[in-house]
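S.K.: structure for this input, please:
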Amino acid sequence: MPGLEHTITIAAPPDRVWAVLVDVERWPERIPTVDSVERLDQGPFAVGSSARLRQPKLPEAVWTVTELTDGTSYTWESKSPGVLGVASHVVEPHPGGTRLTLALTVSGPLAGIGWLMTKARARRYVETEAASIKKVAEQSQG
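M.R.: Predicted coordinates:
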């Protein structure tokens, strides 16, 4: 299954990193790879929560949370014709702060050709997203 994983260390406690990570409605102001986010449900971020994301040079996508361990991790997926995208977000305590791991996999009959066309952009976006979450979490200290 094509995909990628990126891990970064953040000098902030896991609960702060988690708070930034699940506040998806504020991603457009915090993460330059996200143009807009529209939550499609009310209430706390939980299994079944979904959001419509618009990102530069990518088709609009609806992402739905399929797994969530509060304070630690969530996985959400987006379906489009011939492709299933699965993105995971893991927050772990680490000496001096937190280790954040973002991962993305794609599957389905069109995943291979789609991945060839978007792999470099996907890697840049995931790395930018991790760096942006790091910046916000570290600035929010104190």
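S.K.: and the strands in the protein?
M.R.: Here the chain has its strands, by DSSP state E, at 3-10, 36-39, 50-54, 61-69, 73-80, 83-94, 97-107.
S.K.: quick check: which of those is nearest to Ile113?
M.R.: Of all the strands of the chain, strand 83-94 sits nearest to Ile113, with 9.6 Å by C-beta to C-beta. The C-beta positions use only the backbone N, C-alpha and C, and glycine is treated the same way.
S.K.: in the chain, where's the longest helix?
M.R.: For the chain, the helix that runs over the most residues, judged by DSSP state H, is helix 111-139.
S.K.: who does that one touch, helix- and strand-wise?
M.R.: Counting contacts by 3 or more C-beta pairs under 8 Å, 6 or more residues apart in numbering; DSSP states H and E, helix 111-139 is packed against strand 3-10, helix 14-22, helix 27-30, strand 83-94, strand 97-107.
S.K.: show me which residues of the lowest-mean-pLDDT helix or strand in the chain are buried.
M.R.: Ranking every helix and strand in the chain by mean pLDDT, DSSP states H and E puts helix 111-139 at the bottom, with a mean of 94. Across helix 111-139, burial judged by 16 or more other C-beta atoms under 10 Å covers 111, 114-115, 118, 122, 125-126, 129-130, 132-134, 136-138.
S.K.: what does stretch 31-44 give?
M.R.: Going by neighbour count (16+ other C-beta under 10 Å), the buried part of stretch 31-44 is 31, 33-34, 37.
S.K.: same question for stretch 84-101.
M.R.: Using 16+ other C-beta under 10 Å as the test for burial, stretch 84-101 gives 85-91, 97-100.
S.K.: and which of those is nearest His6?
M.R.: Looking across those and measuring by C-beta to C-beta, the closest to His6 is Leu100, at 8.7 Å.
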